[in-house]
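S.K.: Output the structure for:
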Amino acid sequence: MNDWHTRARALVACLAERGYLADPRWQAAFEAVPRHVFVPRFYLDDETLIDGDDPAQERKWLDAVYRDDALVTQLAAVPGTDLMWATSSSTMPSLMAYMLDLLDVQDGQRVLEIGTGTGYNAAILCHRLGDMNVASIDLHPDLVDSARGWLAQLGYWPCLAAGDGAEGMPDRAPFDRILATCAVPALPAAWISQLRTGGLVVTDLRGGISSSLAALRKIDVDTVEGHFLPAPGHFMWLRAQPGNPLRTGGDYGNVIDRDGAEQRMAALDPASLSNPDFRFLLQRHEPDLRSIWRTVRDGVELVCLTTDDGAWAEVETRPYAGQYTVTQGGPRRIWDRAERAADLWAELGRPARDRFGLTATPTRHDLWLDDDGRRLWIPPAEESERSVRRASGGGSSTNSPARAISPHRSGSTRSPPCLIRERLPCHQPSAVR
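M.R.: Okay, the predicted model is just below:
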């Protein structure tokens, strides 16, 4: 184990050469904090356990720990299946460095981390800021206990808590920065309220088919605003139950009800769904899109979509006279909505995701694009309106007429850009890493 310092310095040099860790203070933190202390064992993709206590595996374990890789540290069974999914990991160091740089933290500022996980990221923060300025929360009590012990080995005593990450840590608020190493479909209201005005939250805002990091600054008492970043996060969900890897808990199910299915020809090429920038807008347009996958049935290749409410579509990948055969069913026609999203994306000039920004309050999320003077909005659906209110802790509501969208920044001198009323699903309680 004596060579871990050499490995840590080599990792830092690699990250710096690739454009990460430009700040020498973060470089010093990554060199000083031993990652292997926080990852005594991990799982390979085939669920093989690599244990640092096994002399036969020690070299392989140490090599992996000081590479720029994410390492799965905890698995759980997926209810209703024979699958095992990851419920905790040590984040890829380059992604950690990227998000820490986005955090733009200054000496003496107080940081809340959502998703303690192994505690490695909390240790990096402690080295940079001092442990009295670091707080971290995780859904899993066992993970918090392990992280607390590993941090104490290095002399760090940040404030750690086991609980609902969506609620933040109100007893320790306000914070200058909030760093979420978990994914949420909507920004929890507690994060906004616990952030100081002028503070910054960095998180992964994602759905079932798209992930996008965002850095949002608090511009007034209940509003944060900022841009999406070109890099996805692909973090694990902020979840409902410690032992269940599913975001909402319960069983995994993808039952397709074919009663009332309809078939037609469509112009939208299903291959367009492989474009990450279109998927980003499609996810914002249809936040409950759950999954997209390819399959072959009776020799025909299909692209399949499902939603949380049971809508589904199957699209043949081979065109006929420039059109694609679509079969869809469920409570709404999801391919029709995908076509509308594609039309919108084309109308906007097929923008990349980092041209979009978000203005969020506890009850509303507005998506905007550039400073080009154009404005548009999507009338909110009844269920989506209820979802935003649930995410903010409010009750259900009835559908109300769509309203004109106000400028996204109070007192801004720039004209309101293209604005889209984003219909968000309810956030799920508790965080994992």
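
S.K.: Using PDB, write out the CA atom coordinates for the lengthiest strand in the chain.
M.R.: Taking DSSP state E as the criterion, the chain has its longest strand at strand 195-206. C-alpha atoms of strand 195-206 as PDB (Å, rounded to 0.1, in the frame of the first residue of the first chain):
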ATOM      1  CA  LEU A 195     -29.200  27.900  -0.500                       C
ATOM      2  CA  ARG A 196     -28.000  31.400   0.200                       C
ATOM      3  CA  THR A 197     -28.900  34.100  -2.300                       C
ATOM      4  CA  GLY A 198     -26.000  34.100  -4.700                       C
ATOM      5  CA  GLY A 199     -25.200  30.500  -3.900                       C
ATOM      6  CA  LEU A 200     -24.900  27.700  -6.400                       C
ATOM      7  CA  VAL A 201     -26.300  24.200  -6.800                       C
ATOM      8  CA  VAL A 202     -24.700  21.700  -9.100                       C
ATOM      9  CA  THR A 203     -26.800  18.600  -9.900                       C
ATOM     10  CA  ASP A 204     -27.800  16.000 -12.500                       C
ATOM     11  CA  LEU A 205     -31.300  16.800 -13.800                       C
ATOM     12  CA  ARG A 206     -32.400  13.700 -15.700                       C
END
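
S.K.: What ranges does the stretch 1-150 of the chain have for its strands?
M.R.: 41-43, 49-51, 71-77, 84-90, 111-114, 134-138 (DSSP state E, counting those that start in this stretch).

S.K.: who does the second one pair up with?
M.R.: Right, the one you point to is strand 49-51. Using DSSP bridges, the strands paired with strand 49-51 are strand 41-43 (antiparallel).

S.K.: starting at the chain centroid, how far to the strand it pairs with?
M.R.: Centroid separation between strand 41-43 and its chain, computed with C-alpha atoms, centre = their mean, to the nearest Å, is 23 Å.

S.K.: Buried residues, it. List them.
M.R.: Across strand 41-43, burial judged by 16 or more other C-beta atoms under 10 Å covers F42, Y43. In this view, the C-beta of every residue, glycine as well, is placed from N, C-alpha and C.

S.K.: Run through who's touching it.
M.R.: Residues outside strand 41-43 that contact it (C-beta atoms under 8 Å, 6 or more residues apart in numbering): 49-53, 61, 64-65, 71-73, 75, 86, 89-90.

S.K.: how about 6 Å then?
M.R.: Outside strand 41-43, the residues within contact range by C-beta atoms under 6 Å, 6 or more residues apart in numbering are L49, I50, D51, L71, V72, T73.

S.K.: Which one (most neighbours) among the residues you listed?
M.R.: Neighbour counts for these peak at L71, which has 24 neighbours (criterion: other C-beta atoms under 10 Å).

S.K.: and that one, bridged to which residues?
M.R.: Applying DSSP bridges, one finds that L71 bridges with S90.

S.K.: Got the confidence number for it?
M.R.: The predicted local confidence for L71 comes out at a pLDDT of 96.

S.K.: show me what contacts it?
M.R.: Going by C-beta under 6 Å, 6+ apart, L71 touches V39, F42, S89, S90.

S.K.: Kindly provide the distance from the residue lying closest to the third one once chain neighbours are set aside to L44.
M.R.: What it means is S89. Closest residue to S89 apart from its sequence neighbours, by C-beta to C-beta, 6 or more residues apart in numbering: V72 at 4.8 Å. Distance, V72 to L44, by C-beta to C-beta, to the nearest Å: 8 Å.

S.K.: do D257 as well
M.R.: D257 is 38 Å from L44, by C-beta to C-beta.

S.K.: Then D298?
M.R.: For D298, the distance to L44 equals 35 Å [C-beta to C-beta].

S.K.: cool, and A161?
M.R.: Counting by C-beta to C-beta - A161 and L44 are separated by 31 Å.

S.K.: Quick check on those two: which one has the bigger neighbour count.
M.R.: Using other C-beta under 10 Å as the criterion, A161 and L44 rank with A161 on top: 18 against 12.

S.K.: What are the phi and psi values at the more buried one?
M.R.: Phi and psi for A161, reported as degrees, to the nearest 10, are phi -150, psi 150.

S.K.: surely it meets D138?
M.R.: No - counting by C-beta atoms under 6 Å, A161 does not reach D138; the two are 8.0 Å apart.

S.K.: mind putting the strands of the stretch 1-150 of the chain in TSV, distance to S211 included?
M.R.: Formatted as TSV, the strands of the stretch 1-150 of the chain follow (distance: least, C-beta to C-beta, whole Å):
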stretch	distance to S211
strand 41-43	21
strand 49-51	26
strand 71-77	17
strand 84-90	15
strand 111-114	16
strand 134-138	20
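
S.K.: What segments of this structure are helices?
M.R.: 4-17, 24-32, 35-38, 58-65, 93-103, 120-129, 141-153, 189-193, 276-285, 334-347, 382-391 (DSSP state H).

S.K.: Give me the residues contacting the shortest one.
M.R.: Which is helix 35-38. Contacts for helix 35-38 (C-beta under 6 Å, 6+ apart): W4, V65, T118, G119, Y120, W150.

S.K.: rerun at 10 Å
M.R.: 1, 4, 7-8, 11, 52, 58, 61-62, 64-67, 71, 73, 90, 93, 96, 117-124, 146-147, 149-151, 153-154 (C-beta atoms under 10 Å, 6 or more residues apart in numbering).

S.K.: Which ChimeraX command selects the buried ones in those residues?
M.R.: Per 16+ other C-beta under 10 Å, the buried members of the contacts of helix 35-38 correspond to this ChimeraX selection:
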select :7,8,11,52,61,62,64,65,66,71,73,90,93,96,117,118,119,120,121,122,123,124,146,147,150,151,154
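
S.K.: can you pull the pLDDT of T306?
M.R.: For T306, the model assigns a pLDDT of 93.

S.K.: scratch that, L246
M.R.: Listed pLDDT for L246 reads 70.

S.K.: got any ranges where the stretch 251-400 of the chain has weak pLDDT?
M.R.: 251-254, 371-400 (pLDDT under 70).

S.K.: just so I have it, where are all the strands in it?
M.R.: 262-266, 289-297, 300-307, 312-316, 324-329, 356-361, 364-369.
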